[in-house]
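> model this:
(chains A, B, C and D, ligands or ions: 8)
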There are 4 protein chains.
Amino acid sequence: MTNPALAAVLNDKETLELRELPLPPIGDDDGLLRIEACGICGSDIAQFRGELAWGHGYPVIPGHEIVGRIDQLGRHAARRWNVQEGDLVTVDPFLACGCCDTCMSGRYINCTNNWGDKQQSYGFIGTEYAPGLWGGYSQYLYLHRNARLYKFPAGVAANQAVLFNTLGGGIRWAVTVPKLGIGDTIVIMTPGQRGLTSVIAAREAGAGKIIVAGRKDSYKMALARELGADVTINFQRENLLERVKEETAGRLADVVLDLTPEATQPVLDAIEIVRPGGTVVLAGSKGARTVAIPTDTLMWKDITLRGVVGVGHREYRQAISIIASGKYPLHRLMTHRFPLREAETAIRTLAGESPVEEPMCIAI
Amino acid sequence: MTNPALAAVLNDKETLELRELPLPPIGDDDGLLRIEACGICGSDIAQFRGELAWGHGYPVIPGHEIVGRIDQLGRHAARRWNVQEGDLVTVDPFLACGCCDTCMSGRYINCTNNWGDKQQSYGFIGTEYAPGLWGGYSQYLYLHRNARLYKFPAGVAANQAVLFNTLGGGIRWAVTVPKLGIGDTIVIMTPGQRGLTSVIAAREAGAGKIIVAGRKDSYKMALARELGADVTINFQRENLLERVKEETAGRLADVVLDLTPEATQPVLDAIEIVRPGGTVVLAGSKGARTVAIPTDTLMWKDITLRGVVGVGHREYRQAISIIASGKYPLHRLMTHRFPLREAETAIRTLAGESPVEEPMCIAI
Amino acid sequence: MTNPALAAVLNDKETLELRELPLPPIGDDDGLLRIEACGICGSDIAQFRGELAWGHGYPVIPGHEIVGRIDQLGRHAARRWNVQEGDLVTVDPFLACGCCDTCMSGRYINCTNNWGDKQQSYGFIGTEYAPGLWGGYSQYLYLHRNARLYKFPAGVAANQAVLFNTLGGGIRWAVTVPKLGIGDTIVIMTPGQRGLTSVIAAREAGAGKIIVAGRKDSYKMALARELGADVTINFQRENLLERVKEETAGRLADVVLDLTPEATQPVLDAIEIVRPGGTVVLAGSKGARTVAIPTDTLMWKDITLRGVVGVGHREYRQAISIIASGKYPLHRLMTHRFPLREAETAIRTLAGESPVEEPMCIAI
Amino acid sequence: MTNPALAAVLNDKETLELRELPLPPIGDDDGLLRIEACGICGSDIAQFRGELAWGHGYPVIPGHEIVGRIDQLGRHAARRWNVQEGDLVTVDPFLACGCCDTCMSGRYINCTNNWGDKQQSYGFIGTEYAPGLWGGYSQYLYLHRNARLYKFPAGVAANQAVLFNTLGGGIRWAVTVPKLGIGDTIVIMTPGQRGLTSVIAAREAGAGKIIVAGRKDSYKMALARELGADVTINFQRENLLERVKEETAGRLADVVLDLTPEATQPVLDAIEIVRPGGTVVLAGSKGARTVAIPTDTLMWKDITLRGVVGVGHREYRQAISIIASGKYPLHRLMTHRFPLREAETAIRTLAGESPVEEPMCIAI
Ligand SMILES: [Zn+2]
Ligand SMILES: [Zn+2]
Ligand SMILES: [Zn+2]
Ligand SMILES: [Zn+2]
Ligand SMILES: [Zn+2]
Ligand SMILES: [Zn+2]
Ligand SMILES: [Zn+2]
Ligand SMILES: [Zn+2]
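Ligands and ions are numbered 1, 2, ... in the order given. From the prediction side, this is the model:
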């Protein structure tokens, strides 16, 4: 109420400016979050560069992987979200309506009701919509009555908590969707930030063998092994199919998860190394390229090719449970942190424009 | 806004009074429904008699199986619900918050956020909560912003539409929960209103053999056959187990659904007539009696005993699809209709206090 | 034992010859089937032309969609298969071992244990394996101890029974795999024999809207409507996407099943007309062509692309249940029957080499 | 062929006698196992005491949890089982036929085809059936052509391998059946041998909180914590419901697994401490007692009560994967080993008739 919020506003592409916005009054049904950390991912880069296909414009406060503490809270909101002031929470970025057919089916990400045709996700809603504080590159976030909050137990640090989204994705793509279970073999291509959280997810689900395949023997390959990968394969140097046969006594992989950006060959490799009846999960954008898929092979092998997007309620809860357990050195994935006023540097670092080696998870 | 709504208000147990309530102003997010029909079920009787365990009091407008036409509608509400004035719709009775852990898991019925500890279902919310129009025994219903609406296609009549709740229940209990599929055998005990909609549900799911078991050769048994039951068994006169063996070539039933109120023997019968690996669904309240269950039999037969309550989003959509198809003579289940001012007679008729034979579905 | 069996033996490609083979002695564990009908499908054509990729050779008795009556039966076999002499039965063509990892997972089709690396399916096992009677183009079939039999109830005619395989496929591809349920919309491309049994399967599963799309307004399109299709779309004349939107109030299809042989465009169409979160099932061989699939679309729409092959135990049982119900005019699908000595004409007719119009299901 | 096999034969109840049986000749389809270890469980005690309900008689070689090395092997059997001489393997005790409806549904335990009405499980087949070597209390076991074998990787010791059955059960009951997943809470009552393997199973499946409840603070409670239980509750001293609420922030347990023999109260406790929508798994025989279950509570809480028996193919594979991983100190569960000639002492020790404290897993 008193001091305004400092925020990094994207006024136009590649034009990020620090600005002060007034804090809004909070009623019975909404709240205000004091932001402690905001993760940056590939979408932030695309948004910064003006390459995002979605139909929202500028100015906007970016940032959708948001962790903070409850600063103000309406009395109805407190009961509904089951939180109180001072709690460390995260927010599902999608501000879905909760009452449409899509939301009732649990597909919040496809709901388009709250802001007309515009993107309805934190980090992508224009500042012209009052009260403007819709993004994570800011000191404060407005908690809309339709926000869906997740509380962290006491003792969790913000820079581990900020991995909730990436880890939730790993759980959904590596475990929920392909029904990965105890003793199963999964091949994860390739070990970026999401590949590494997928290793954690597969480990938690009791996978019998976790194989990470990548193009080089990087720090990330080593980190994959440290987090629980049983085997790493450099497919530039080794024959992927032969190695997978070797590691599975000829059975091939139950699940293959492709996260590789741009390259289309991994999709074809995945179809080769998955066992008959197995599942290939596609979560790496190919920049609108098509892939020449032998659909007869899909048939004869009776396999499932599944595209995935987003994170569900169950996976968010599971991610928070894993973070809270303290079982994994998640800080190893959070390689860089920047103050709010260096938001642009943070984005450019993740984009590989700075000399930093192998940036992975970056937060403000 | 102009004329008030006439409603039957339950001021105390067994004290129903006609009263006029003002129509509320409608904003961007809510709406008003002109009620065309309201189904009555066992809960209405218990509520009328003051025998309901839930912690809400009087005065209250009863009625939770509500069908009507959109009368007024906020502009945001129109987009969210995807309806317009004049549309025939029904309403999920549970006014869940949409943002709590329970709601996000799709368990709207267990959400308790909107009215504190009180029951949050249409038909059970006290008139002291503005604007009071929370029940179906009325000319108008207030459409709260958290209401979840289902639209009927053009051409559906209100007195068929009003079966949405019972049919949704039949689908959930006979099909969704026990995963009833093509060629499966189901035994339904016994043929009340919900037993009959379960017959329809099982028919739609492609059940190979639908057996309805009841205590007497009533009109309802005949109607069960007409709606699609392959076999009816009067278990007072015939040996249920022997007959089920006969009808299934000794395999026994894949699914048994017990809807019988009060009697506990059907639960034990169900455990006997279900096949190893099969499912027994319990949807008939036993008035707080316990049932002496041989749990070792559950083990050796590897069977599932599943208690069920409520209807989910998918089943409401499915019920409406069946109603709209016009494939079943649903009007045969809607045996009596009463005007609003005879609400008490309607309840007493369903309760069997009037001389009417075999009342089943009754609406106002 | 007395008379030998007359069979049509494929000695080399396009060289079918009538031959007599002795009937084998039957022990405790095996049996002999007197064949009443044998369906012909595309695999028969490929086998006849020598275009089948599988590694078995000549001579061989073709025919894998076999219906007949138990002629002789060992005493152990009788108990195991639960049949007796005179029963009308069909046989799962795959003679799997029953004890390997693949079989124990229910994937009988992938078991390769019984005949070494050779194909282990009835209709494809060489006559050099004693007793030679491994195919349906014959008066008798040897029932190996590993055969899996399905009995038809009394009253079913062989020329309806012979559709068990095609109908089992329809159930698996249209219903089991995509989890098609009450009220769902399915688009089936295109209406060949398997498309038509898929219509029956979808009808049985309670689909809300069954749309059949094809290239012309043929007899098969009319038959699709007769069997239960709600809508047929000629996609040469109409815009498929627009029509599907129209028919689904903009929701698009829950499931799309592509059975089109050779053409790759239907796969791309399927990805367009399926709703976000929906499933595309691929069961039409593209003759080893690849399809340029926009995998990003699979991701953003969160959709499943599933290749399928074969029929499972549950679907065989379900197919037989539907056939036995007599609910569908299955004889309409069985357009031609030939005597055993005209086996070659039968194959050439199905292959379109004869002047017969729109042959569909053909049996010997 | 050369030396006979020494076996402990149960000639009558409580009458175990060492005897020599000739080794049978091995053909193409069967094999012979040199037994290295045989686990003993409660069924062995009941069988020894003549208290087993099943209809087989004496004489019989008991023992159904069998681990050994392939001694002889037919050439077809080698391919089918994918093993060779010297391999360490275990055997699914149920010798199912593989071809009946029950087997094709994967319910091998319910198949009754091989030995007529008699029990068809290793350890329960009478010696009158040639070649007599049907039990684990022996130096050798006959590998029937219908046996289903599981191979252990090199390096696994027999006294860890022998836990495959108990661990497979733990996986099925704690994980597969109730669909336990990452972050879920499970309460396991009580910590016997199967309770402890259930802890391992739940840990592998990523359970968020594993609570073990028992009647006293025993060695087994301590071992439960060592194996991965997060919390142990002594329900004689603490209020179980209150403690579960405390540990779950009021949510209650997602899954409750009752393994307690004889006592019926744990079933009622389980219904109380499971959350709405949760699952109670019953795997503890109550000695034919009934339990007075409030079925209305099952309904209002929408919960599943599931009886379980046996282990499936997938769980056997998973158990072997866990054993082979070497992640758990399984030798801690194998508290006693006896030589074959002390089989009776072994049984009496497990039955608590000897002064040994807290025997758990015992093998010969
Ligand atoms: Zn992101
Ligand atoms: Zn929505
Ligand atoms: Zn009701
Ligand atoms: Zn809620
Ligand atoms: Zn075929
Ligand atoms: Zn096999
Ligand atoms: Zn045992
Ligand atoms: Zn069997």
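
> Can you identify each of the helices in chain A by residue range?
A:42-49, A:75-81, A:101-104, A:158-161, A:164-171, A:193-204, A:219-227, A:240-247, A:265-273, A:295-300, A:313-325, A:343-350 (DSSP state H).

> CSV for the ones you listed, including mean neighbour count, mean pLDDT and distance to ligand 3?
(Each C-beta comes from the backbone N, C-alpha and C, glycine too.) Formatted as CSV, the helices of chain A follow (neighbours: other CB atoms under 10 Å in any protein chain shown; pLDDT from 0 to 100; distance: least, CB to the ion, whole Å):
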stretch, mean neighbour count, mean pLDDT, distance to ligand 3
helix A:42-49, 18, 91, 46
helix A:75-81, 19, 91, 26
helix A:101-104, 21, 89, 20
helix A:158-161, 21, 92, 43
helix A:164-171, 28, 97, 38
helix A:193-204, 29, 97, 42
helix A:219-227, 19, 94, 52
helix A:240-247, 17, 98, 56
helix A:265-273, 21, 98, 50
helix A:295-300, 20, 96, 47
helix A:313-325, 22, 97, 28
helix A:343-350, 22, 93, 55
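
> Would you format the ones you listed as JSON lines with distance to D:Ala205 included?
Below are the helices of chain A laid out as JSON lines (distance: least, CB to CB, whole Å):
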{"stretch": "helix A:42-49", "distance to D:Ala205": "31"}
{"stretch": "helix A:75-81", "distance to D:Ala205": "29"}
{"stretch": "helix A:101-104", "distance to D:Ala205": "29"}
{"stretch": "helix A:158-161", "distance to D:Ala205": "23"}
{"stretch": "helix A:164-171", "distance to D:Ala205": "13"}
{"stretch": "helix A:193-204", "distance to D:Ala205": "8"}
{"stretch": "helix A:219-227", "distance to D:Ala205": "19"}
{"stretch": "helix A:240-247", "distance to D:Ala205": "23"}
{"stretch": "helix A:265-273", "distance to D:Ala205": "25"}
{"stretch": "helix A:295-300", "distance to D:Ala205": "30"}
{"stretch": "helix A:313-325", "distance to D:Ala205": "12"}
{"stretch": "helix A:343-350", "distance to D:Ala205": "34"}
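
> Using JSON lines, lay out these together with distance to ligand 4.
Shown next, in JSON lines, are the helices of chain A (distance: least, CB to the ion, whole Å):
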{"stretch": "helix A:42-49", "distance to ligand 4": "29"}
{"stretch": "helix A:75-81", "distance to ligand 4": "7"}
{"stretch": "helix A:101-104", "distance to ligand 4": "12"}
{"stretch": "helix A:158-161", "distance to ligand 4": "24"}
{"stretch": "helix A:164-171", "distance to ligand 4": "20"}
{"stretch": "helix A:193-204", "distance to ligand 4": "27"}
{"stretch": "helix A:219-227", "distance to ligand 4": "35"}
{"stretch": "helix A:240-247", "distance to ligand 4": "45"}
{"stretch": "helix A:265-273", "distance to ligand 4": "39"}
{"stretch": "helix A:295-300", "distance to ligand 4": "41"}
{"stretch": "helix A:313-325", "distance to ligand 4": "12"}
{"stretch": "helix A:343-350", "distance to ligand 4": "35"}
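
> If anything else comes up later, I'll come back, but that's it for now.
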